[in-house]
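In: generate coordinates for the sequence data below:
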Amino acid sequence: MSNDDLPVILYKLLAYLYECMKRELPPSESQARDICGANATMLAAAAQSAVDKGLATGITVKRYYDGERAVRFEDAMLTADGAEYLIENSTMRKAKEVAGSVFQAALDVAMATLGRIATGI
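Out: Model (predicted):
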């Protein structure tokens with residue numbers, strides 16, 4: 001498994017949403033794409049999978065006539081099943097290992113940035 005495999009992108013997306021919820025910060029589509037390190041198609045696939053499996057709500061995936069895909073958040077958050085999947089699922093544990101400490105550091109920076117934006121500092 002590598003950093004750009006779908007399970008790793010799904011892990012990163014779910015972890016990002018989880019941290020946003022814990023810190024009461026609004027998730028950003030552009031920041032999610034950056035933190036996941038995914039192209040539009042892979043992020044859309046991960047987001048659609050999260051919604052289809054009932055792991056997250058408030059996410060829509062749009063597909064435009066030119067084939068471009070866009071992920072939109074409208075009060076996006078994890079469900080209780082999503083939090084359990086993130087913590088308990090063996091594939092997510094492997095994806096967490098692959099993402100590693102660099103991802104965790106990037107996630108911490110993203111949360112700090114969102115916090116500053118939310119408070120206007």
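In: tell me where the chain has helices.
Out: Counting by DSSP state H, residue ranges of the helices within the chain are 6-22, 29-36, 40-52, 80-88, 90-119.
In: show me what the first one packs onto, helices and strands only.
Out: So that's helix 6-22. If contacts are counted by 3 or more CB pairs under 8 Å, 6 or more residues apart in numbering; DSSP states H and E, helix 6-22 sits against helix 29-36, helix 40-52, strand 56-63, strand 69-78, helix 80-88, helix 90-119. C-betas here are computed from N, CA, C, even on glycine.
In: can we see that at 6 Å?
Out: The contact analysis (3 or more CB pairs under 6 Å, 6 or more residues apart in numbering; DSSP states H and E) places helix 6-22 against helix 29-36, helix 40-52, strand 69-78, helix 90-119.
In: got the contact list for it?
Out: Helix 6-22 is touched from outside by 27, 32, 35-36, 38, 42, 46, 49, 56, 77-78, 82, 86, 91-92, 95-96, 98-99, 107, 111, with contacts defined as CB atoms under 6 Å, 6 or more residues apart in numbering.
In: let's see 7 Å
Out: Applying CB atoms under 7 Å, 6 or more residues apart in numbering, the contact partners of helix 6-22 are 1, 26-27, 32, 35-36, 38, 42-43, 45-47, 49-50, 55-56, 76-78, 82-83, 86, 91-92, 95-96, 98-99, 103, 107, 111, 114.
In: report the buried residues of that helix.
Out: For helix 6-22, the buried set under the neighbour-count rule, 16 or more other CB atoms under 10 Å, comprises 7-20.
In: quick one: the helices and strands packed on helix 6-22 as TSV, columns for mean pLDDT, mean neighbour count and distance to Val61 too.
Out: Output for the helices and strands packed on helix 6-22, formatted as TSV (pLDDT from 0 to 100; neighbours: other CB atoms under 10 Å; distance: least, CB to CB, whole Å):
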stretch	mean pLDDT	mean neighbour count	distance to Val61
helix 29-36	92	18	11
helix 40-52	94	19	5
strand 69-78	93	17	6
helix 90-119	87	14	20
